[in-house]
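Asker: can you look at this prediction? I've put the sequence above it.
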Amino acid sequence: MRLSISEAEEMVVAILTRSRVAEANARSTARALVAAEAAAQSGHGLRRVPAYAAQALAGKIDGFAVPSITKTAAAVLRIDAGFGFAYPALDIAVAELAPLATQNGIALAAIHRSHHAGVMGLTVERFAEEGLVALMFANTPAAMAPWGGRTALFGTNPIAFAAPLSGTDPVVVDLALSRVARGKIVAAKQKGTSIPPDWALDIDGQPTTDAARAVEGTMLPFGDAKGAALALMVEILAAGITGAQYAYEASSLLDDKGSPPALGQTLIVIEPKASGGGDMLPRLSMLAEMIGREPDARLPGKRGATQRRLALTDGLELDEDIIQLLGA
């Protein structure tokens, strides 16, 4: 099945509003999930819709939550997502942080009582499109053990970064601190396909190629001990300083059981002219140009931006398993 971006968004809105989600929240969420699908990030895209809908119906997500915002310092915002979807809170953060960063040179938003943050590169990219540099940190339900441990205490804890460039797409870095994003394992489980043996451990601490056993077990960090240390850093930045639940306190994002995950996200936005002077955009672009001269090198973010442009003109070709998941 091939759908246009707008058709896909309307389909998601219809599913969510039937599942006790306010239309404004459903539209914010639909835009994010369809954008993820368009960027070829299916694990954070339409495959999430059935779980989102089930959680809203069960009350694990408050589909009618309205995020609230408190300015706690000149350039610091504390945002309460109200146990709702993350995307409405992120929309507020984008709208409010950009002018704060422009005015103060730097601004921070701390989000708590939140949910799945999706493809965070799409969020930080919105700041880069306004000439700002942005960092984002998020924790997720427990999926990784501290290096040398067996108990999952950290999430896959993604980080994202974006910086503007002159006349071209921004640099966008978006990565989980596990060997792969957990969404890829979830997608493999849904498809019934195997995974490489170095992605995850089963509940007995043994490497597994079975995606279902991997979901029940723990993820392996990229970079081994270094990746686990970075996951700890993100746990502190996303939950420790925001008042959100730590990964080991949070319920699953994949089912409708238990209390709300109540996760956290932190965004830091920088006005590069304030930190480095008026010629910062050309300086940033100079580095990108040097990378571009390397025959086989590519700038992070280019592939996703290209995929999204293609989707705008050609629409989305949905896999058969996604069609079945959505009941389309």
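Answerer: Ah, there it is.

Asker: now do the contacts for the nearest residue to Y246 once chain neighbours are set aside.
Answerer: Spatial nearest neighbour of Y246, chain neighbours left out: A239 (5.0 Å); criterion: Cβ to Cβ, 6 or more residues apart in numbering. (Each C-beta comes from the backbone N, C-alpha and C, glycine too.) A239 makes contacts with N139, Q245, Y246, A247, L263, G264, as judged by Cβ atoms under 8 Å, 6 or more residues apart in numbering.

Asker: how near is P170 to Y52?
Answerer: P170 is 28 Å from Y52, where distance means Cβ to Cβ, to the nearest Å.

Asker: cool, and A110?
Answerer: 24 Å.

Asker: one more: P207?
Answerer: Distance from P207 to Y52, by Cβ to Cβ: 31 Å.

Asker: can you pull out the strands in this structure?
Answerer: Ranges of strands in the chain, per DSSP state E, are 2-3, 68-73, 76-80, 106-114, 133-138, 159-163, 171-175, 200-201, 218-219, 263-270, 316-317.

Asker: state the distance from the closest residue to V172 other than its chain neighbours to V12.
Answerer: With Cβ to Cβ, 6+ apart as the criterion, V172 has its nearest non-adjacent residue at 2.9 Å, and that residue is G301. Distance of G301 to V12, given as Cβ to Cβ: 24 Å.

Asker: comparing these two, which shows the higher neighbour count?
Answerer: Higher neighbour count among G301 and V12: V12, with 26 against 23, using other Cβ atoms under 10 Å.

Asker: excluding chain neighbours, what is closest to the more buried one?
Answerer: Of all residues not flanking V12 in the chain, A30 sits nearest, at 3.7 Å (Cβ to Cβ, 6+ apart).

Asker: just give me the neighbour total for that neighbour.
Answerer: The tally of other residues near A30 (other Cβ under 10 Å) stands at 26.

Asker: per-residue confidence at it?
Answerer: We have a pLDDT of 98 for A30.

Asker: who's in contact with it?
Answerer: A8, E9, E10, V12, V13, L16.

Asker: which residues touch the fifth one?
Answerer: By Cβ under 8 Å, 6+ apart, the contact set of V13 is E23, A26, R27, A30.

Asker: now it: how far from L281?
Answerer: 37 Å.

Asker: what of the third one?
Answerer: With distances defined as Cβ to Cβ, the gap from E10 to L281 amounts to 37 Å.

Asker: ditto for the first one
Answerer: Taking Cβ to Cβ as the measure, A8 falls 34 Å from L281.

Asker: quick one, phi psi at D296?
Answerer: D296 has phi and psi values of phi -110, psi 10 when expressed as degrees, to the nearest 10.

Asker: tally of neighbours for it?
Answerer: If you count neighbours by other Cβ under 10 Å, D296 ends up with 4.

Asker: before we move on, back to that, for A8 and L281, indicate the residue with more neighbours.
Answerer: Counting neighbours by other Cβ under 10 Å for A8 and for L281 shows that A8 has the greater number, 26 against 17.

Asker: list the contacts for the residue nearest to that one when sequence neighbours are not counted?
Answerer: Nearest non-adjacent residue to A8, counting by Cβ to Cβ, 6+ apart: V34, 4.7 Å away. Counting by Cβ under 8 Å, 6+ apart, V34 makes contact with I5, A8, E9, V12, G45, L46, L316.

Asker: any weak-confidence spans in this protein?
Answerer: Along the chain, segments meeting pLDDT under 70 span 328.

Asker: hey, which helix is longest across it?
Answerer: helix 86-104 (DSSP state H).

Asker: can you name every helix or strand that that one contacts?
Answerer: helix 23-38, strand 76-80, strand 106-114, helix 120-128, strand 263-270 (3 or more Cβ pairs under 8 Å, 6 or more residues apart in numbering; DSSP states H and E).

Asker: A229 is nearest to which of the ones you listed?
Answerer: A229 lies closest, by Cβ to Cβ, to one member of the helices and strands packed on helix 86-104: strand 263-270, at 17.7 Å.

Asker: the closest one: how far from the chain's middle?
Answerer: Mean-position distance between strand 263-270 and its chain equals 11 Å (Cα atoms, centre = their mean, to the nearest Å).

Asker: so which elements touch it?
Answerer: Packing partners of strand 263-270 (3+ Cβ pairs under 8 Å, 6+ apart): helix 86-104, strand 106-114, helix 120-128, strand 133-138.
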